[in-house]
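>>> only the shape, not the letters, is given here:
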């Protein structure tokens, strides 16, 4: 008893360290903790983060609206020109789309799953240099489940890794822990897209004999049933034929700008085939 | 009474701090760098608070950070307690009022924290993050090192404002 009283501070600190270590080992062994306490903290952080982000976004908007009006006339002129060009491109795409629809019908092809989009707002970003996770304002009460794919037009950006009642965490593709099956749109070469943090994405396991060029578009392969097939991921920006390796070193720039994500869409599947 | 108030407000203030540092990082660095204000708070606590108060602050801040973003819950709690203990015990040996001591020690702690994280990822998941992040880690540690003296100065001014003298 005297021993406990004398060393109570040391025992208390040691107990805290043991609890922290136990949490680490427990989560390593049984997967990420989805405890009630964790959900409570996430639910509490969400409105604070939302309020802060909203205030700062308003100030930023006002700043860009009034201060950066310089050069808006020239920009407007250029944009109008660009719209005209894009209109022409769109018409040709519409033709191709109609043709694809007719051929699809002819071949009796259909999508594997029904997907619905649930929109959500980004309310925070993870504060750890080594991982890339965002916080969104929708949770299990909105029908979200762990593993659902997340889209920010024009393409995929990640998947849900942690779902609380009204808040969820999205693991972005650029996170170092992220790996998904992907193919080159042009020639259907298959590989794995891995996150590389601030360097974007890396397209792995493509042998040197494969034909992959800068500018090639990478889309999801649809394997495993998590991500729908054919969704845009990124564009090849650099191909390096390393002498000492069996595979090409391919750097991919994601289509989405991960630092400017504000609204995202979650693909909710009812898991029934059409 | 003040001690009780400290313990009650600690979780809420921790949540506010984590949300604030996340927003600052988002606005200033467009999410490319992390501005870990919470780490400076832990170091400050190590230099100025008593052992029990500080270790509870470190565990709560670490836990909130774990809940908010940590990929392995418990990791930040552990690292923050260790950093607090290092700061606490080393404060007896260092002149913690000197700007360069604060800056260098904060830089060292930020660097140490990232190295522990990288080692952990390597041992637990066999992911080698050092190759991709060494520059970012250095820059982040530098930012912490440069900002820490300013934070310490502001805190000492706040102490004088509230208590009439440095605590």
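The structure has been received and is ready for your questions. Keep in mind it's a predicted model, so treat the numbers as computed, not measured. Numbering: from 1, shown residues only, chains lettered A, B, ... in the order given.

>>> against residue B:120, how distant is residue A:122?
Distance of residue A:122 to residue B:120, given as Cβ to Cβ, to the nearest Å: 27 Å. Using the backbone N, CA and C atoms, a C-beta is placed for each residue, glycine as well.

>>> part of a strand, is residue A:237?
Yes. Counting by DSSP: H, G, I helix; E, B strand; the rest coil, residue A:237 is located in a strand.

>>> which strand or helix spans the spatially closest residue to residue B:46 that is not a sequence neighbour?
Of all residues beyond its chain neighbours, the one nearest residue B:46 is residue B:87 (2.3 Å), with distances taken as Cβ to Cβ, 6 or more residues apart in numbering or on different chains. Element membership for residue B:87 (DSSP states H and E) is helix B:75-90.

>>> ok, the closest residue to residue A:9 other than its chain neighbours - how many residues close by?
The spatial neighbour of residue A:9 that comes closest, neighbours along the chain excluded (Cβ to Cβ, 6+ apart), is residue B:51 at 5.7 Å. For residue B:51, the count of nearby residues is 16 (other Cβ atoms under 10 Å in any protein chain shown).

>>> mind listing what residue B:51 touches?
Contact analysis of residue B:51 by Cβ atoms under 8 Å, 6 or more residues apart in numbering or on different chains lists A:9, A:13, B:88.

>>> so where is the stretch 101-250 of chain A shaky, pLDDT-wise?
Scanning the stretch 101-250 of chain A for pLDDT under 70 picks out A:105-114, A:126-131.

>>> show me the strands in it, by range?
Ranges of strands in the stretch 101-250 of chain A, per DSSP state E, counting those that start in this stretch, are A:113-125, A:133-136, A:149-152, A:155-163, A:168-172, A:179-184, A:190-195, A:201-204, A:217-220, A:232-240, A:249-254.

>>> and the first one, which residues are buried?
Of the residues in strand A:113-125, those buried under the neighbour-count criterion (16 or more other Cβ atoms under 10 Å in any protein chain shown) are A:115, A:118, A:120, A:122-125.

>>> mind putting these in CSV, distance to residue A:202 included?
CSV is the format used below for these (distance: Cβ to Cβ, whole Å):
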residue, distance to residue A:202
A:115, 27
A:118, 30
A:120, 28
A:122, 24
A:123, 29
A:124, 27
A:125, 22
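
>>> of those, closest to residue A:213?
Set against residue A:213, the nearest of those by Cβ to Cβ is residue A:115 (31.1 Å).

>>> what's the distance between the closest residue to that closest one other than its chain neighbours and chain B?
Sequence neighbours aside, residue A:267 is the residue nearest to residue A:115 in space, at 4.9 Å (criterion: Cβ to Cβ, 6+ apart). Noted for residue A:267: a distance of 23 Å to chain B, by Cβ to the nearest Cβ, to the nearest Å.

>>> now do the contacts for residue A:267.
Contact analysis of residue A:267 by Cβ under 8 Å, 6+ apart lists A:115-117, A:148-151, A:228.

>>> just residue A:261 next, same as before
Contacts were defined as Cβ under 8 Å, 6+ apart; by that measure residue A:261 touches A:122, A:134, A:152, A:157.

>>> tabulate these in a markdown table, adding columns for distance to chain B.
Shown next, in a markdown table, are those (distance: Cβ to the nearest Cβ, whole Å):
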| residue | distance to chain B |
| --- | --- |
| A:122 | 9 |
| A:134 | 9 |
| A:152 | 14 |
| A:157 | 13 |
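
>>> where does chain B have low pLDDT?
Counting by pLDDT under 70, the low-confidence segments of chain B come to B:30-32, B:70-71, B:130-132, B:165-167.

>>> how close does the residue nearest in space to the middle of chain B get to residue B:62?
Centroid-nearest residue in chain B, with Cα atoms, centre = their mean: residue B:39, separated by 0.8 Å. Separation of residue B:39 from residue B:62 (Cβ to Cβ) stands at 10 Å.

>>> next: residue A:268.
Remark: distance between residue A:268 and residue B:62 (Cβ to Cβ) = 34 Å.

>>> on that earlier part again, what's the angle between the strand or helix carrying the residue nearest to the centre of chain B and helix B:75-90?
If you go by DSSP H and E, residue B:39 is part of helix B:37-48. Here helix B:37-48 runs at an angle of 30 degrees relative to helix B:75-90 (axes from the mean of the first three to the mean of the last three Cα atoms, to 10 degrees).

>>> for chain A, what's its nearest residue on chain B.
Using Cβ to the nearest Cβ, residue B:74 is the residue of chain B that sits closest to chain A, at 2.8 Å.

>>> I'd say that residue and residue A:18 touch.
No. Counting by Cβ atoms under 8 Å, residue B:74 stays clear of residue A:18, with 10.7 Å between them.

>>> more neighbours: which of these two?
The neighbour comparison of residue B:74 against residue A:18 (other Cβ under 10 Å) goes to residue B:74, with 22 against 11.

>>> contacts only, for that one.
By Cβ under 8 Å, 6+ apart, the contact set of residue B:74 is A:19-24, A:26-27, B:66.

>>> mind doing that once more with 10 Å?
By Cβ atoms under 10 Å, 6 or more residues apart in numbering or on different chains, the residues touching residue B:74 are A:19-28, A:33, B:62-63, B:66.

>>> again with residue B:10
Neighbour list for residue B:10: B:53, B:56-57, B:59-61, B:64 [criterion: Cβ under 10 Å, 6+ apart].

>>> much appreciated, bye for now.
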